[in-house]
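A.B. asks: Structure, please.
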Amino acid sequence: MTAFKTLRPSTLSREQFIATFGDIYEHSPWVAEQAFDKAPLTDDIEPLHERMSAVLLHADHAAQLALINAHPDLAGKAAIQGELTAASTNEQAGAGIHLCTPAEFTRFTELNVAYKARFRFPFIMAVKGSDRHQILAAFEQRIHHSAEVEFACALAEINKIALFRLQAL
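C.D. replies: Model (predicted):
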C-alpha cells in the first residue's frame, strides 16, 4: 500500500476531507462525501481509491452520467480558452495535447462532435502516459463501441483518472 506523502485522510474532518478530495472526481464532490461517510478511513491511496471507485460504480445511472458530463472535451474549447480545472490542464498538457498541429486540433474537434452525437457524453480517457497520437487512435477505435460498452469504458477511465489524481497528492 502507498501512503499519502503529506496527507492523513483519517485525521480530516468531513469538511476538510471534502475540501481536499472533492475534485478528485471532476466537479463531483458527492463522491468524496459518500466515501467519507463509509468510515473508517485509512491513510493509504489504494483503499481510498477503491472506496471512491465503488461509490461511483454503485451510483445511479443519472449520477454517473452527470459525472461523465462534468469532464471537458480533450483538446476542446475549454482547453483552448484556458477554462479547465488545474488537474485537467495538467493532464492534457502532460499528454502533449497543447502541442497539436492545426490538423490534429481539427481532428479532435471532429471526433468530439461525432462522439457526443453518438453517445451524448464526452470522450473520457485517462491520458497520463499517452501522447496525442495514442489518444486520437483510442478515440477513433472507441467511437465504434456500443453505448453500453462506452459508458462502462468512460467510468473505468474516470476511475483511472481519480487514481492518478490521488497519487499526485
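A.B. asks: My guess is Phe119 contacts Phe151. True?
C.D. replies: Yes - taking contacts as C-beta atoms under 8 Å, Phe119 lies within contact range of Phe151: 7.5 Å. C-beta: built from backbone N, CA, C; applies to glycine.
A.B. asks: what about Ser130, neighbour count?
C.D. replies: Ser130 is flanked by 18 other residues according to other C-beta atoms under 10 Å.
A.B. asks: correction: Ala117
C.D. replies: 9.
A.B. asks: Could you tell me whether it really is in a helix?
C.D. replies: Yes - when DSSP: H, G, I helix; E, B strand; the rest coil is applied, Ala117 is found to be in a helix.
A.B. asks: Per-residue pLDDT of it, please?
C.D. replies: Looking at Ala117, its pLDDT stands at 97.
A.B. asks: Ok, Glu104 next?
C.D. replies: On the pLDDT scale, Glu104 gets 88.
A.B. asks: Thought Phe139 was touching it, still the case?
C.D. replies: No - contact between Glu104 and Phe139 fails when scored by C-beta under 8 Å: they sit 11.1 Å apart.
A.B. asks: ok, those two, which is more surrounded?
C.D. replies: Each of Glu104 and Phe139 has its neighbours counted (other C-beta under 10 Å); Phe139 has more, 20 against 17.
A.B. asks: got the buried residues for the strand or helix carrying the more buried one?
C.D. replies: Element membership for Phe139, per DSSP states H and E: helix 132-142. Residues 132, 135-136, 138-139, 142 are the ones in helix 132-142 that count as buried (16 or more other C-beta atoms under 10 Å).
A.B. asks: residues making contact with it?
C.D. replies: 74-75, 95-97, 99-100, 104, 107-108, 111, 115, 123, 125, 127, 130, 150, 153 (C-beta atoms under 8 Å, 6 or more residues apart in numbering).
A.B. asks: Only C-alpha atoms, please: export that helix in CSV.
C.D. replies: Taking Å, rounded to 0.1, in the frame of the first residue of the first chain, the C-alpha atoms of helix 132-142 are listed here in CSV:
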residue,chain,number,x,y,z
ARG,A,132,-1.8,12.9,-28.6
HIS,A,133,-1.4,10.3,-31.3
GLN,A,134,-2.3,7.5,-28.9
ILE,A,135,-5.3,9.5,-27.7
LEU,A,136,-6.5,10.1,-31.3
ALA,A,137,-6.1,6.4,-32.1
ALA,A,138,-8.2,5.4,-29.0
PHE,A,139,-10.8,8.0,-29.9
GLU,A,140,-11.1,6.5,-33.4
GLN,A,141,-11.4,3.0,-32.1
ARG,A,142,-13.8,3.7,-29.2
